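K.L.:
with the sequence up front, the predicted model follows.
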Amino acid sequence: MMIVESYANFLPLMPSDAGRKVFIDPELIVDFAEYIDPQSEDGKAIVSQIIAELSSSADALSSGKAIGIANEFYRDFGDINGHSVRAFYTIFQDSPPNTNKGSGVYIHKIRRYEKNMSSVPVGLFNMTYQARGWQEQAISGTRLTQNVLRIGAGVSNGTLIELPVLSRIMLEATNQKDYKTDFNLYHAPLATIEFGAEYQSPESRRKIIDPQGLANILRDSVVQNRWVDNSSLKHESYNCYVYGDGAKILQEAVKLLIKDGKTLSGFQFHLVSPTAPFTQLKASIESSGATVSLHKGLPISVVSQRHQKLDSNSLDQNSLKVRSQYETFLSSNPKASFIELWNHMKNDLLALGV
């Protein structure tokens, strides 16, 4: 589960006195726009469903419960065959002052499901270029076999992109379209709806990627001690290209490694249109001993631009203006709801996509 440092800055999702209060992290405003899209009819229905269900039955048997973590839950909303999301949340009853906003439900992560209509496999693969293009071979272990790793996933025409095509798109995004050397691919869609015949129930069709999987791969590939480690099976250094939402799973994986006291010396991460503020990613990744840079290939994606606009440590003047507007609204409206914040900020955040 995601590590949340404080709930004291969370906002009520909507103004309401009915049932248990539902709060949300204001830093989720871009994810909220991208994954729920409250301007669409589907998005409006999902927001209403979140409020109705979490205010009345957030800890009911129909909610998922995190294993080994008290008061951590998740629930799915929307249409499994259409637009659907999963919200991860903490429930507080009584707690020490200044740690949260009081009794209620606190949403700290959102994931939107993508359809996997072609049953594209998820996990670690070795990609080899052959006469007809890139071909994948699954890697059964948790150790990289190449010194180049690419992390991410892609969607086209409403479904996950198959790995040979995804590989080509990734290479083009980093100005490497003529690259023909083997590399490892960690295919990491954040949340998927599966369509294979083996999935018999709606619950089994929903898949959420676990950051522990990537954490294990990074941990088992780095040379921790050259005198006792089996370094003949490992590389001196790794170049890792991280695309889009891959930055989210990388950030969570790195936090798990740091918590366990592991380091990533020798890893160089190149972030391509990351869907998280770059300076936050940079601080987290560098604290693990790795190096990180923002790749200067193709123009940054619209979604990534929206995240960078709210980067509190950005040096970009346009980003600083948007972040200042965000912080000024919150400080001037201490009782504002998240929806009110969204309505105040949406024109600036969505202008990039027009």
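P.N.:
Nice, I can see it.
K.L.:
make it CA atoms for all contacts and neighbour counts henceforth
P.N.:
Noted.
K.L.:
so what's A215 closest to, chain neighbours aside?
P.N.:
A253 (4.7 Å; Cα to Cα, 6 or more residues apart in numbering).
K.L.:
Three-state assignment for that neighbour, please.
P.N.:
helix (DSSP: H, G, I helix; E, B strand; the rest coil).
K.L.:
and if you look at Y35?
P.N.:
Applying three-state DSSP: Y35 is helix.
K.L.:
kindly report the same for the one 4 residues further on.
P.N.:
Reducing the assignment to helix, strand or coil with three-state DSSP, the entry for Q39 is coil.
K.L.:
now it: phi and psi?
P.N.:
Per-residue torsions, Q39: phi -90, psi -10 (degrees, to the nearest 10).
K.L.:
what's near enough to touch it?
P.N.:
Q39 makes no contacts at all, as judged by Cα atoms under 8 Å, 6 or more residues apart in numbering.
K.L.:
roughly how far does it sit from K262?
P.N.:
Q39 sits 43 Å away from K262, going by Cα to Cα, to the nearest Å.
K.L.:
over to D311?
P.N.:
27 Å.
K.L.:
more crowded one of these two?
P.N.:
Set D311 next to K262 and count neighbours by other Cα atoms under 10 Å: D311 wins out with 21 against 18.
K.L.:
name the nearest residue to that one, sequence neighbours excluded.
P.N.:
P277 (5.0 Å).
K.L.:
and if you look at K180?
P.N.:
Y129 (5.7 Å).
K.L.:
centre of the chain versus the host helix or strand of the one you found, how much separation?
P.N.:
Using DSSP states H and E, Y129 falls within strand 123-130. With Cα atoms, centre = their mean, to the nearest Å as the basis, strand 123-130 stands 23 Å off its chain's centre.
K.L.:
run through the neighbouring helices and strands of the following helix or strand past that strand.
P.N.:
For strand 123-130, the succeeding helix or strand toward the C-terminus, using DSSP H and E, is strand 133-138. Where contact means 3 or more Cα pairs under 8 Å, 6 or more residues apart in numbering; DSSP states H and E, strand 133-138 is packed against strand 123-130, helix 163-173.
K.L.:
the residue nearest to D311: neighbour count?
P.N.:
20.
K.L.:
and stretch 298-306, what's its mean pLDDT?
P.N.:
Summarised as a single mean, pLDDT over stretch 298-306 is 88.
K.L.:
and the end-to-end length of that stretch?
P.N.:
Termini of stretch 298-306 sit 16 Å apart (Cα to Cα).
K.L.:
what comes up buried for the lowest-mean-pLDDT helix or strand in the chain?
P.N.:
Across the helices and strands of the chain, mean pLDDT, DSSP states H and E gives its lowest value to helix 202-205, namely a mean of 82. Judged by neighbour count (16 or more other Cα atoms under 10 Å), helix 202-205 contains these buried residues: R205.
K.L.:
and whichever helix or strand comes after that helix, how far from the chain's centre?
P.N.:
Downstream of helix 202-205, the first helix or strand assigned by DSSP H and E is strand 206-208. Mean-position distance between strand 206-208 and its chain equals 13 Å (Cα atoms, centre = their mean).
K.L.:
which neighbouring elements make contact with strand 206-208?
P.N.:
strand 191-194.
K.L.:
show me what the strand it packs on is packed against.
P.N.:
strand 114-116, helix 202-205, strand 206-208.
K.L.:
how far away is the residue nearest to K180 from S324?
P.N.:
Between Y129 and S324 the distance is 47 Å, computed by Cα to Cα.
K.L.:
how about the strands in the stretch 151-300 of the chain?
P.N.:
Here the stretch 151-300 of the chain has its strands, by DSSP state E, counting those that start in this stretch, at 155-156, 159-160, 183-187, 191-194, 206-208, 238-243, 267-272, 291-294.
K.L.:
buried residues in the fifth one?
P.N.:
Pointing back at strand 206-208 there. Buried residues in strand 206-208, counted by 16+ other Cα under 10 Å: R206.
K.L.:
can you list the strands that that strand pairs with?
P.N.:
strand 191-194 (antiparallel) (DSSP bridges).
K.L.:
so for N225, what's the pLDDT?
P.N.:
47.
K.L.:
measure the residue nearest to K180 to T99 for me?
P.N.:
Applying Cα to Cα to Y129 and T99 gives a distance of 53 Å.
K.L.:
of the two, give the one with the bigger neighbour count.
P.N.:
Using other Cα under 10 Å, the more surrounded residue of Y129 and T99 is Y129, with 16 against 12.
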